[in-house]
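Trainee: just to be clear, the model below is a prediction. Sequence and coordinates:
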Amino acid sequence: MKRFRRHAGLWVWCYAMLFPVLAIYAYVRIYPIGRSVQLSFFDWKLMARVRPFIGWDNYTRMLGDENFHIAIWNTFVYSLATVLLSTVIALPLAVLLARRGRASAVYQTIYFLPVITPLVPMSIAWKWIYDYNYGILNYALSFVGIPPIAWLTDPHIALWALVIMGVWKVLGYNLVIFLVGIRNIPAPYIEAASLDGASDLQTFWHVTMPLLRPIVLYVLVTSTINAFNVFTQVYVMTLGSQAAPGQAVRVLVYDIYQNAFQYFRMGYASAEAVTLTLIVLGFTLIQFRAFRQREAA
Amino acid sequence: MSALTGVGKLRRRDALALAGAAALAGTRSARAADTKLTIWTGYPEIQPVYQAVAAEYAKTHPGVTFDFFSTSLREAEQKLTAAVPTGTGPDIFDIGTNISINFIDNQLIEPNPPDIDAHLKSGVWGKFTVDFFTLDGKTYGLPFLEGSRASMYWNKAYFQEAGLSGPPATFPELIEAAKKLVKIDSQGRMTRSGISLRLSGQGSGIGEKFRYILEAAGGSLIEQKGPGKWHNGYDNQAGRDALGFYVDAVQTWHIDDPKVPHDADAFASGATAMLFRESWVIGEIQSKNPKLDYGVAPIPAWKAGMPRMMLLQPEGVYVNGQSQNKAAAWDFVKFLTNARGGMKLTEVTGWLSPRTDIDWKPLLAKTPQFEVFVAPPSDIKYYVEPVLTAFDEVESRLADRLTASYIDPSLKGNPDAIAARIHDMAQQTDKILKDAKLYG
C-alpha cells in the first residue's frame, strides 16, 4: 500500500500523458467500429430522414446478394494467393540476403521500394504495364514467344493481375521482417548445426524455421489483414473504358464502398464491413491457434 | 441643468445607438462586400468556364470572391453526398438529377426563389428542360449543360478508304460498314475497331451506352407504369436484340474487341472508325488531334422505318439549401447560365448549353460537327434519363452483368441463352425498384 502511494503520482502522471493518445485512438478507431455495428442494424441511407431499425435484415439480405458472394470469393482467392506467394517468395529471398554485404543492402532497398511508393500512382502505372497493346509486360513476354495477354480485360485473368501487383507491393515488407528475424537468431544455434554436419537446407528447416515461427505468424497475420482490405488498385483498375470488368475483380471493400458511397446504403455497407471484420478476425485467430498448437506439439 | 443633462444623456444614448447601428451596418456592408462563393463541379474541364464567368461577374460585383473545387463526376457526387447533409457543402454545385433528386427529397435543395422560378420559365429553355427541373409543381436549380444528346462520330478518311459514302442510317448498315472498317493484322489482332462500344470497366456508363442500342431497338431500361411506379422495359425482343448486337459485335462480326483501345481517346487517335458519344468529344478532338477529319451524325435507326433516338439528360446547377450566401449565389447562377455563359461553356468544353436562344452560327461556322447536337434533325425522337433515386443503381448493376455477357461464349448464336440472361438482368432491375418502393 505504501509502495502504491509512493508511486501513485507516477501512475497518475503516466495515465494523464497517455490519455490524449488513448482518447484519440478510441475516437478514430473504436468509436467508428462500434458505430458501424450499430448502423448495420438500421436501414440507414445517407440522405434519408427516416432510418428505421431493421434488425438482422441487412445480414440476411447479404445471403442473397450475388455481388456480395462474388466479392467474398474474389477476396478470398486474392488474399490466399497474395499471402501465400508473398510469404513463400520472401522467405528464401530473406535467407539469401541475410548474409551481410553491400549487394544485400542494395537488393533490400530495391525490394522495399514498392512498399513506400503510393498506391494510386502505382496502380495507374500497373494499368499501363498490363495494357494489351502498349504494355511493357506483353512486350517483355513477346521476347520469349508468349502471345499478348489481356491482363485486365480478360475476366479469367484480371484477378490474377491484381494478385501479381499485390505480391509486388507487399514482398519487400515481408522480406525485411523475415530478414530481421533471421539476423536475430543466435549464431551458436547455426554454428552447432554446422558442427553436427547439417546441410544449409537442413539448417534452414530444422533450426531457422522453428526459431522464425513467431515472425512467420506475424507476417501471415499482417499480410492476411492487408490482403482482405485490398481496394485502391481495384478501384483504379476498373476506372475507364480500358479497364478490368467490375465483376471479375469485385472485392469486399470495393463492394462496401459501392454500397456506401454510390448507392448510399450505409446500413447495408456497415453490415458488410462488420462481416469483413469478423472474417479477418476469424482467420487471425485460426493462424494464432495453429501456430500455438504446433509450438505445444 | 437637469434638462440640459437630460438632453445631454439623450444625445449620448442617441450617439451610442447611432454608433452601434453604424458599426452593425458597417459589419453588414463589409460582409456583403466580402461574400465568398464556393463552387464544386464534377467536370474538371468546366472549371475554366466557371473561372472565366466568375472573373466577368466580379467586374460588376467587386465584393464577391470565388473558391473553386473540381474532381471527377463520381467523386464529386460522393463528396457532395457527404458534405451537403452535414452542412459542409459548397454554396453552388452542378450535379446530375440522379443525385439532386436525393437532395430535393431531403430538403437539402430548396425550391427556386420566385425570381429564379420566373427566369427558368421565361422561355429561354424548352418546355422539356423546364419540366426536368420541376417536381410537384416546384422548380429546383437551373439547367446548366446538356449531359447527353449522344450521337455517332465517324471518321471520314476511314469511310472514304473503305468505299463508304457517308454515315450509316440504320443498324444493319452500321454493321456492314463496321465490318469494312475494322482492321486486323497478319497475326489476327485487331488494330482498328469498326465501332468502339463500351465493353469493359464498371459503373453506370456501361448501362447508359447499352441504352443507346436498347432504345433504338424499341426498348427502355425502365418504363413508368403510373405515378411513382416503374418496372423494367427490356425483358422483351428489344432487350434481346440489344444484347445480341453486343455479343455478335464482339464474337461473331469481330467489329470490336475489349482488348483494343476504346472511347474518345480511341476515336481521337484513329484507333476506331465509329463511336457513340456526347458533344464533349469534339473538345477532346480539338485538343488532342485537331486535324482529324470526322463527322457527327445521329445514332442510326434500328431498321428502316424505325425512328432515330437521342438521349436527353440536362444537368443542373444548384444553390445549397444551407448556404449562408443564397442571394449572392443565385445571382451568380443566373449570370452563369445566361446566353454568353452558355456559349462559353460550349466553346471551351464542348458540352452544350441547353438554352434555346443561343445563336450557334459562329460556332457552327468554326466547328460544323456541333450541328447534330445543337440542331438535331426534326425526325429524331427523344428519350430521357428518369429522375429516380434508384436509377444509378439500376444502370450500375446492369453494367456488372453486361460486361461479362458481351464476351460470354455461351451466348454466341444462342437466342435462348440471351433471352434467359436478359430475363435475369430484368429481374434484378425490378428487385432494385421494389427495394426502393418504386415498383409497380
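Mentor: Arrived safely. All of these numbers come straight from a predicted model, not from anything done at the bench.
Trainee: for stretch B:308-328, buried residues please.
Mentor: Neighbour counts over stretch B:308-328 (16 or more other CB atoms under 10 Å in any protein chain shown) mark B:308-323, B:325, B:328 as buried. To be clear about C-beta, it is placed using only N, CA and C from the backbone, and glycine gets the same treatment.
Trainee: in helices only, show me these.
Mentor: Here DSSP state H is the test, and the buried residues of stretch B:308-328 give residue B:328 as lying in helices.
Trainee: out of the buried residues of stretch B:308-328, which are close to chain A?
Mentor: Applying CB under 8 Å from any CB of the partner chain to those, one finds that nothing falls near chain A.
Trainee: interface residues of the stretch 51-200 of chain B facing chain A?
Mentor: Residues of the stretch 51-200 of chain B that fall close to chain A, judged by CB under 8 Å from any CB: B:74, B:77-78, B:81-82, B:85, B:102-103, B:105-106, B:108, B:189, B:196, B:198-200.
Trainee: pLDDT at the residue in the stretch 101-250 of chain A positioned nearest to chain B, what is it?
Mentor: Relative to chain B, the nearest point of the stretch 101-250 of chain A is residue A:246 (2.8 Å; CB to the nearest CB). Predicted confidence (pLDDT) for residue A:246: 77.
Trainee: isn't it right up against residue B:201?
Mentor: Yes - if you go by CB atoms under 8 Å, residue A:246 and residue B:201 touch, sitting 6.8 Å apart.
Trainee: these two: who's more crowded?
Mentor: Set residue A:246 next to residue B:201 and count neighbours by other CB atoms under 10 Å in any protein chain shown: residue A:246 wins out with 28 against 24.
Trainee: SS state for the nearest residue to the more buried one once chain neighbours are set aside?
Mentor: Excluding the flanking residues, the one nearest residue A:246 by CB to CB, 6 or more residues apart in numbering or on different chains is residue B:202, at 2.8 Å. Counting by DSSP: H, G, I helix; E, B strand; the rest coil, the backbone at residue B:202 sits in coil.
Trainee: relative to residue A:67, how far out is residue B:202?
Mentor: In this view, residue B:202 and residue A:67 are 11 Å apart by CB to CB, to the nearest Å.
Trainee: now do residue A:265
Mentor: Applying CB to CB to residue A:265 and residue A:67 gives a distance of 12 Å.
Trainee: one more: residue A:24?
Mentor: Distance of residue A:24 to residue A:67, given as CB to CB: 35 Å.
Trainee: ok now the host helix or strand of residue A:282, how far from the chain's centre?
Mentor: Assigned by DSSP states H and E, residue A:282 falls within helix A:266-296. Relative to its chain's centre, helix A:266-296 lies at 13 Å (CA atoms, centre = their mean, to the nearest Å).
Trainee: now stretch B:118-132
Mentor: Distance, centroid of stretch B:118-132 to centroid of chain: 17 Å (CA atoms, centre = their mean).
Trainee: report the buried residues of that stretch.
Mentor: Neighbour-count burial for stretch B:118-132 flags B:119, B:120, B:124, B:125, B:129, B:130, B:132 (criterion: 16+ other CB under 10 Å).
Trainee: my read: the last one touches residue B:100, true?
Mentor: It refers to residue B:132. No - in this structure, residue B:132 is not within contact of residue B:100 by CB under 8 Å, at 10.4 Å.
Trainee: list residues touching both of the two?
Mentor: Contact criterion CB atoms under 8 Å, 6 or more residues apart in numbering or on different chains; residues shared by residue B:132 and residue B:100: none found.
Trainee: which helices and strands does the helix or strand containing residue B:268 pack with?
Mentor: Applying DSSP H and E as the criterion places residue B:268 in helix B:263-269. Helices and strands touching helix B:263-269, by 3 or more CB pairs under 8 Å, 6 or more residues apart in numbering or on different chains; DSSP states H and E, are strand B:274-277, helix B:280-288.
Trainee: tell me who's in contact with the residue lying closest to residue B:226 once chain neighbours are set aside.
Mentor: Distances taken as CB to CB, 6+ apart place residue B:440 nearest to residue B:226, at 5.7 Å, with adjacent residues excluded. By CB under 8 Å, 6+ apart, residue B:440 lies in contact with B:225, B:226, B:228, B:229, B:230, B:231.
Trainee: please redo it, this time with the cut-off set to 10 Å
Mentor: Residue B:440 makes contact with B:224, B:225, B:226, B:227, B:228, B:229, B:230, B:231, B:433, B:434, according to CB atoms under 10 Å, 6 or more residues apart in numbering or on different chains.
Trainee: report the two of those residues separated the most.
Mentor: B:227 and B:434 (16.7 Å; CB to CB).
Trainee: these two: which has the busier surroundings?
Mentor: residue B:434 (13 against 6).
Trainee: that one looks like it's in a helix, true?
Mentor: Yes - counting by three-state DSSP, residue B:434 falls inside a helix.
Trainee: contacts only, for it.
Mentor: With contact set as CB under 10 Å, 6+ apart, residue B:434 has these partners: B:231, B:390, B:440.
Trainee: state the distance from it to chain A.
Mentor: Using CB to the nearest CB, to the nearest Å, we find residue B:434 at a distance of 12 Å from chain A.
Trainee: what separation do you get for that residue and residue B:394?
Mentor: Distance from residue B:434 to residue B:394, by CB to CB: 12 Å.
Trainee: what average pLDDT does stretch A:9-26 get?
Mentor: For stretch A:9-26, the per-residue pLDDT averages 93.
Trainee: and stretch B:346-354, by the same measure?
Mentor: Mean pLDDT, stretch B:346-354: 88.
Trainee: just the CA coordinates for that stretch, please, in CSV.
Mentor: The C-alpha coordinates for stretch B:346-354 follow below in CSV (Å, rounded to 0.1, in the frame of the first residue of the first chain):
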residue,chain,number,x,y,z
THR,B,346,-19.8,25.0,-75.4
GLU,B,347,-16.8,26.8,-76.9
VAL,B,348,-14.4,25.9,-74.1
THR,B,349,-15.5,22.4,-73.2
GLY,B,350,-17.7,21.0,-76.0
TRP,B,351,-20.6,20.5,-73.5
LEU,B,352,-23.8,22.0,-74.8
SER,B,353,-25.8,24.7,-73.1
PRO,B,354,-29.5,23.6,-73.1
